[in-house]
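*Asks:* A structural model of the following input is requested.
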Amino acid sequence: MRLIRSGKTELRIRATNLARIYFSQEFGCELDRYVIDEIRPEREIQRLAEALLKIVWVMWKADAYYNKSPMMDYASWLKWIIERKFDISDCISGIMAEIEHGFTVTRTYGAENSGADAGNLAQKVAAVALRMGMSLDDLNELTSQAMIDLMHEYVGKDENGEQPKRQATLREIGMMYGR
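*Replies:* As a prediction, this is how the structure comes out:
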C-alpha cells in the first residue's frame, strides 16, 4: 500500500491481483499487457496520463476493498479526481514504485525472500490452498499472488490482533472472484 498526494488530495493505492481483476473487468484487457503497451516514453503526455489514471483507479479500488471503504466506478472516480484538481505528475514516482513493487511476490514476502532464495513458493501456496478447501482445478485458475492476497484476506489478523482459525470456503472464494 502506498499513499500518493497531489495538493490536498491523498489517495491510498495498493497493487494486488485484485487490482488486476478490476482492471480486466472494467477495461477488457490484461493489466500487464496494458502497462507494457501504454507506459512508454514515446507516448504523448495526455495518453500517458489517461493510462496512469486507469491504473491508479484499480489500485485505489483494490485498497478500498481491503479497507472496506466506499468504492466508485471509474467514471465517477475520474470526475471526483478532476474536481479536486488532482495532478498525476505530482506523484508519478510513487505510482510507478507501487506498480513495480506491488505487483510482485516481494510485496508479500519482502526482498530477502524473493528471487532465487525464495524456496518453493508454488509448493507452499498449493499446500495452504488445499488446506483452505480448494481443489487443484480451483488452484490452477489463480495466480500465486492472487492466492496470497486471498490467504491474507482470510488468515489475516482480526480486530484484536489475533489470527483467526476460520478457513475460506469455496463459496467465499467464488464470491470474491465473481463466480
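
*Asks:* From here on, just use CA atoms for contacts and neighbour counts.
*Replies:* Fine.

*Asks:* The longest helix anywhere in the chain: which residues count as buried?
*Replies:* In the chain, with assignment by DSSP state H, the single longest helix is helix 45-66. Buried residues in helix 45-66, counted by 16 or more other C-alpha atoms under 10 Å: 49, 51-64.

*Asks:* quick one: contacts of stretch 10-28?
*Replies:* Residues outside stretch 10-28 that contact it (C-alpha atoms under 8 Å, 6 or more residues apart in numbering) are 1-5, 29-31, 54-56, 58-63, 74, 98-99, 102-103, 145-146, 149.

*Asks:* Name the residues of that stretch that are buried.
*Replies:* 11-23.

*Asks:* In helices only, show me those.
*Replies:* Under the assignment DSSP H, the buried residues of stretch 10-28 contribute 17-23 to helices.

*Asks:* wait, which of the residues you listed is closest to Asn160?
*Replies:* Leu18 (25.5 Å; C-alpha to C-alpha).

*Asks:* Turn the buried residues of stretch 10-28 into a markdown table, columns for pLDDT.
*Replies:* Listed next are the buried residues of stretch 10-28 as a markdown table, based on pLDDT from 0 to 100:
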| residue | pLDDT |
| --- | --- |
| Leu11 | 95 |
| Arg12 | 96 |
| Ile13 | 96 |
| Arg14 | 92 |
| Ala15 | 90 |
| Thr16 | 86 |
| Asn17 | 82 |
| Leu18 | 86 |
| Ala19 | 90 |
| Arg20 | 87 |
| Ile21 | 86 |
| Tyr22 | 90 |
| Phe23 | 91 |
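
*Asks:* how about those, which pair is most distant?
*Replies:* Farthest apart among the buried residues of stretch 10-28 by C-alpha to C-alpha are Leu11 and Ile21. That separation is 19.7 Å.

*Asks:* Adding distance to Cys91, write the ones in helices among the buried residues of stretch 10-28 out as CSV.
*Replies:* Listed next are these as CSV, based on distance: C-alpha to C-alpha, whole Å:
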residue, distance to Cys91
Asn17, 22
Leu18, 22
Ala19, 19
Arg20, 21
Ile21, 24
Tyr22, 22
Phe23, 20
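
*Asks:* coming back round to it: helices or strands up against the longest helix of the chain?
*Replies:* In terms of contacts (3 or more C-alpha pairs under 8 Å, 6 or more residues apart in numbering; DSSP states H and E), helix 45-66 is packed against strand 9-13, helix 17-27, helix 31-38, helix 74-83.
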